[in-house]
Structure formats: structure tokens, C-alpha cells
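*Asks:* Predicted model and sequence follow; I will ask about them next.
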Amino acid sequence: RAAPMPALDHRLGAGRYILITFRDVSQARRIDRMRSDFVANASHELRTPLASLRGFIETLQGPARDDHKAHERFLGIMHDQATRMSRLVDDLLSLSRLELKANIAPDQMVELGALLGHVRDSLQPFAADLGVEISLDLPPHPVQVAGDRDELIEVFENLVENACKYGQEGKRVEVRLSAAEGGNTEVSVTDFGPGIAPEHVPRITERFYRVNVEASRSKKGTGLGLAIVKHILTRHRARLAVKSEIGKGTVFVVKF
Ligand code: ADP
């Protein structure tokens with residue numbers, strides 16, 4: 001931006017003085033664009049079940065007014081759509097809550113073995129419905145990390161739930177905690193499902209990025225799970241690594 005400075009002209013003598021400042025706006029523009037893409041995506045995701053709800057309400061008020069069999073079926077679908085909207089709103093709130101406290105270091109000490117046991121127990125019925133068995137491999141000693149218990153539960157629930165949903169045909173999900181004396185603490189979640197193609201791997205933690213939108217929707221996905229995981233891990237100064245091979249399976253590793 002260049003601006004003449006007439007107020008200084010008379011004091012600094014003849015000629016005009018120009019103040020030039022440089023500011024790199026490309027980063028700010030990129031963030032603005034990401035923000036508006038996000039709002040557009042979120043609106044679209046909410047609009048789809050809303051449109052479907054409206055359609056069913058209108059059908060129930062009109063053509064299917066006296067069709068009692070249709071009432072039951074349509075109400076079931078409407079209930080599913082409303083549940084999907086609640087899930088999406090919960091995930092959106094989770095993300096915005098995490099963004100607000102992105103720079104606050106978590107301050108509790110959390111024992112990871114007990115936490116992973118809790119995650120396995122809470123997902124056991126869900127896995128059993130899909131015919132998947134979750135195994136848990138823990139070291140003989142307790143493993144503590146500094147963190148927020150509820151947030152870490154959210155991380156591992158997301159990873160194990162994804163491994164069960166998307167790796168379903170592998171029938172097996174392995175959760176392993178390893179902690180070398182004075183070394184790194186790692187948790188891996190392994191499935192033996194179809195895997196993720198290499199071109200998708202770098203993008204799966206983006207908000208609303210899904211390898212297959214219909215598959216994700218039919219598995220009750222919002223497309224926000226791994227974005228939430230990434231936010232929580234950043235706050236915990238931990239990293240997420242993904243190794244995947246088509247036809248063999250996927251390993252997500254959380255490195256503290
Ligand atoms: P979603 O709500 O769709 O599950 P996520 O953010 O949790 O969203 O995951 C993003 C996408 O990454 C999923 O839609 C799926 O395509 C892919 N994905 C995640 N975990 C796995 C996995 N274990 N195996 C194969 N694909 C996966």
C-alpha cells in the first residue's frame with residue numbers, strides 16, 4: 001500500500017514522501033477461504049437431512065395422511081435424520097470448543113491403560129454388532145501422560161470406532177499401548193479392512209473430508225471425527241501417524 005503523507009510535506013521540505021508497508025495477506029486469505037468453505041460445508045451437511053425431514057412432513061400432511069403403515073416407516077426415517085443432525089451439531093460444537101482452547105496445555109495426569117480399557121468396554125457392543133472383536137495389548141506397568149481424560153477418550157473412541165466401521169471385514173481391531181522406559185509412549189489402532197489409498201491419506205484429518213461420502217454417511221459419519229482427533233492431539237503436543245495399505249488395512253498411531 002502506498003500513501004502520500006501531505007501532513008509532513010511542509011516540515012520535510014519540497015517533494016513528496018511516501019510510506020510503503022508490506023504485509024503478506026496470502027495466509028490471512030487462505031484462512032478466510034477455509035473458514036467460508038467450512039461454513040458452506042456445515043450448512044450443506046445440515047441442509048440435506050433438513051430437506052429430507054421437510055419432504056417427509058409434507059408427505060405425511062398430504063398424500064400419506066391416512067396411510068398408517070407409511071407413518072411408521074417415515075417416522076423412523078425422520079428420527080434417523082434428526083439423530084444425524086444432532087450428531088453433526090455435537091461435532092461442530094466440539095470443534096469450536098477445541099479451537100477456543102487450542103493453546104491451553106492439558107494439566108491432568110492420565111493413566112492410558114485404564115483409559116483404553118474404558119474405551120474398549122464402551123465400544124464393545126458397537127463392535128459386536130458389526131461382528132468385530134477388539135483386542136487390547138497393554139504393558140505390565142501403568143503408563144501416565146499429561147492430558148485431559150475426556151478429550152483423550154474422544155480421540156481413542158473415534159479411532160477405534162472408525163477401525164470397526166471401515167475395517168469391518170477384517171473382523172479384528174487391535175489396540176496396543178507401548179511405552180519404552182524413558183522413551184516414547186505410543187498407542188496404535190490397527191484394522192485389517194480395505195485400507196486408504198495413498199492420495200487420500202494426507203487429507204483424512206481435514207474437516208468434512210471423506211474417502212467415500214455415501215459410505216461415511218451410511219456408517220453414521222459426520223466427516224469431523226479425525227479433525228477433532230487432530231485438534232485434541234495438537235493441544236496435547238502429540239502426533240497422529242497413519243500407515244495404510246490397500247487390501248491389507250490401516251494403522252493409526254498416536255505418539256505422545
Ligand atoms: P467420518 O465421520 O466420515 O467417519 P472421520 O473424520 O472420522 O469421518 O474420517 C474421515 C474419513 O477417513 C472417513 O470418511 C473414511 O473415508 C476414512 N477413514 C477413517 N478411518 C478409516 C479406516 N480405519 N479405514 C479406512 N478408512 C478410514
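*Replies:* Here it is on my side, so go on.
*Asks:* Number of residues surrounding Val110?
*Replies:* By the criterion of other Cβ atoms under 10 Å, Val110 has 19 neighbours. (Glycine included, C-beta is placed from N, CA and C.)
*Asks:* does any bit of the helix or strand where Val155 lies sit next to the ligand?
*Replies:* Taking DSSP states H and E as the definition, Val155 sits inside helix 149-166. Yes: part of helix 149-166 sits near the ligand under the criterion Cβ under 6 Å from any ligand atom, namely 158, 162-163, 166.
*Asks:* Distance of the spatially most central residue of the chain relative to the ligand?
*Replies:* With distances taken as Cα atoms, centre = their mean, Gly225 lies nearest the centre of the chain, 2.4 Å away. In this view, Gly225 and the ligand are 3 Å apart by Cβ to the nearest ligand atom, to the nearest Å.
*Asks:* about what we covered before: for the helix holding Val155, list the C-alpha coordinates in CSV.
*Replies:* Presented in CSV, the C-alpha positions along helix 149-166 are these (Å, rounded to 0.1, in the frame of the first residue of the first chain):
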residue,chain,number,x,y,z
ARG,A,149,-9.1,-37.5,30.2
ASP,A,150,-12.3,-36.8,28.4
GLU,A,151,-10.5,-35.5,25.3
LEU,A,152,-8.2,-38.5,25.1
ILE,A,153,-11.3,-40.8,25.4
GLU,A,154,-12.8,-38.9,22.5
VAL,A,155,-9.6,-39.4,20.5
PHE,A,156,-9.4,-43.2,21.0
GLU,A,157,-13.2,-43.7,20.7
ASN,A,158,-13.0,-42.0,17.3
LEU,A,159,-10.0,-44.1,16.1
VAL,A,160,-11.4,-47.4,17.4
GLU,A,161,-14.9,-46.7,16.1
ASN,A,162,-13.5,-45.8,12.7
ALA,A,163,-11.4,-49.0,12.7
CYS,A,164,-14.5,-51.1,13.5
LYS,A,165,-16.7,-49.2,10.9
TYR,A,166,-14.3,-49.0,8.0
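*Asks:* Which positions within the next helix or strand along the chain from that helix qualify as buried?
*Replies:* Downstream of helix 149-166, the next assigned helix or strand under DSSP H and E is strand 172-179. Buried residues in strand 172-179, counting neighbours by 16 or more other Cβ atoms under 10 Å, are found at 172-177, 179.
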